[in-house]
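Asks: pasting the sequence and the predicted model now:
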Amino acid sequence: MRTYRIAAIPGDGIGREVIDAGIEVLAAVTERDRGFKLAVTHFDWGSERYKRTGAMMPADGLDRLRGMDAIYFGSAGSPDVPDHITLWGLRLAICQPFDQYANVRPTRILPGIKSPLAGVTAQDLDWVIVRENSEGEYSGNGGRVHKGLPDEIATETSIFTRAGVQRIMRFAFRLARTRPRKLLTVVTKSNAQRHGMVLWDEIAAEVAGEFPDVAWDKMLVDAMTVRMTMKPASLDTIVATNLHADILSDLASALAGSIGVAPTANLNPERAYPSMFEPIHGSAFDIMGKGIANPVGTFWSGVMMLEHLGEKDAAARLMRAIERVTADPRLHTPDLGGSARTADVTNAVCEAVRADNF
Ligand code: ATP
């Protein structure tokens, strides 16, 4: 029987609560399927560790992750540690060296959940956002000079490489090809940003030539927010830069009902390094420890992890269980307008996995 090695990094805030819940439902899936096992190793990396030792993760952290089949990540962030330290010290410290350049963010309105957009149904909003995850605006290129003085200067330089844009574009076209509508929207801001974004446009047109069966169009990011809200059904697969897709996917998750249900996969498509799966939300300190965090985004990230591991049947079973549970408003957490607790949702999904007859 195949055993997959999973690194669980709950991180900070509600990350711990939702990853515990996620491990529980994944255990229910493996018990039900019996075709494979998950050997989970827990890592207590995050802000508490930073406060104790000065580092979010140990110096040999990447080496300890290297042999894993996948990483199941909660969130990094703490009210008393600057965000750039928590982000660069853990999440980006894993994503970048492991070349997880494709960040995939599916958005759907799950059964039982209402979009805040009037009259928009599940058929109207079914997107996958592909976020370039290795360069662009978050490449870390820049610096500060004359720190603290009145003439201080800070630069933040976006890096767009031909190789980097080509590979994410090919990934997005390939993904669009697997979806029923075979439609890709390429988002840029090439009217105002006339170097890197124009390179994106040019490469999109070149790569499109390799995918004659995929329809594609272009949008400026500002106009894209309007199209997502006013004409959601006109979109399917979307590709955008690190920053633009970061923002658009938060909007997407809100339009699909709650940031608490949205999943993401940070993929190294070549599988040279482990890929990482996480809910898109952050550490949500305002609800930490209250037992009311919505674990659905973490469960759905677990589905993506199982798909990546090649366990398609188990992934489909877990997704069916999640949808059976979201369909019941009594099992909605407060972010969805309900009064269920994390544990109620978790138990119900485990139960639905056990009861699944497919
Ligand atoms: P970070 O700085 O780590 O990104 P944050 O608190 O600024 O954290 P989020 O964690 O994304 O950002 O939270 C934004 C809002 O959404 C918060 O009010 C939070 O309570 C809510 N929220 C986020 N995730 C969930 C969840 N899983 N369940 C319920 N509410 C959530």
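Replies: All right, it came through fine.
Asks: do a quick rundown of the strands in this protein.
Replies: For the chain, the strands identified by DSSP state E occupy 2-11, 36-42, 70-75, 102-108, 126-132, 136-145, 153-159, 183-188, 215-220, 237-240, 263-267, 275-279, in order along the chain.
Asks: quick one: strands adjacent to the fifth one?
Replies: On the basis of DSSP bridges, the sheet neighbours of strand 126-132 come out as strand 102-108 (antiparallel), strand 237-240 (parallel).
Asks: what is the mean pLDDT for the last one?
Replies: Averaged across strand 237-240, the pLDDT comes to 98.
Asks: by mean pLDDT, which helix or strand of the protein comes out lowest?
Replies: None of the helices or strands of the chain scores lower by mean pLDDT, DSSP states H and E than helix 83-86, at a mean of 90.
Asks: centre of the chain to it, how far?
Replies: Counting by CA atoms, centre = their mean, to the nearest Å, helix 83-86 is centred 18 Å from the centre of its parent chain.
Asks: give me the contacts around it.
Replies: For helix 83-86, the external contacting residues (CB atoms under 8 Å, 6 or more residues apart in numbering) are 12, 46-47, 50, 56, 76-78. Bear in mind the C-beta positions are built from the backbone N, C-alpha and C, glycine included.
Asks: repeat for stretch 331-342
Replies: For stretch 331-342, the surrounding residues in contact (CB under 8 Å, 6+ apart) are 17-18, 21, 112-113, 257-261, 287, 291-295, 325-326, 329-330, 344-345, 348.
Asks: could you check that stretch and say which residues are buried?
Replies: The neighbour-count check on stretch 331-342 (16 or more other CB atoms under 10 Å) flags 331-336, 338, 340-342 as buried.
Asks: among these, which are in helices?
Replies: Residues of the buried residues of stretch 331-342 located in helices (DSSP state H): T342.
Asks: go through the buried residues of stretch 331-342 and say which is closest to the ligand.
Replies: Taking CB to the nearest ligand atom as the measure, the ligand sits nearest to D335 out of these, at 3.6 Å.
Asks: got the residues of the chain near the ligand?
Replies: Selection of the chain residues close to the ligand by CB under 6 Å from any ligand atom yields 14, 75, 77, 83, 259-260, 281-287, 293-294, 297, 333, 335.
Asks: mind checking which of these are buried?
Replies: Among the residues of the chain next to the ligand, those classed as buried by 16+ other CB under 10 Å are 14, 75, 77, 259-260, 281-284, 287, 293-294, 297, 333, 335.
Asks: can you give me the distance of the nearest residue to A154 once chain neighbours are set aside to L110?
Replies: The shortest distance from A154 to any residue that is not its chain neighbour, by CB to CB, 6 or more residues apart in numbering, is 4.7 Å, and that residue is R144. From R144 over to L110 the distance is 43 Å, taken as CB to CB, to the nearest Å.
Asks: again with S249
Replies: Between S249 and L110 the distance, using CB to CB, works out to 16 Å.
Asks: right, I'll leave it there.
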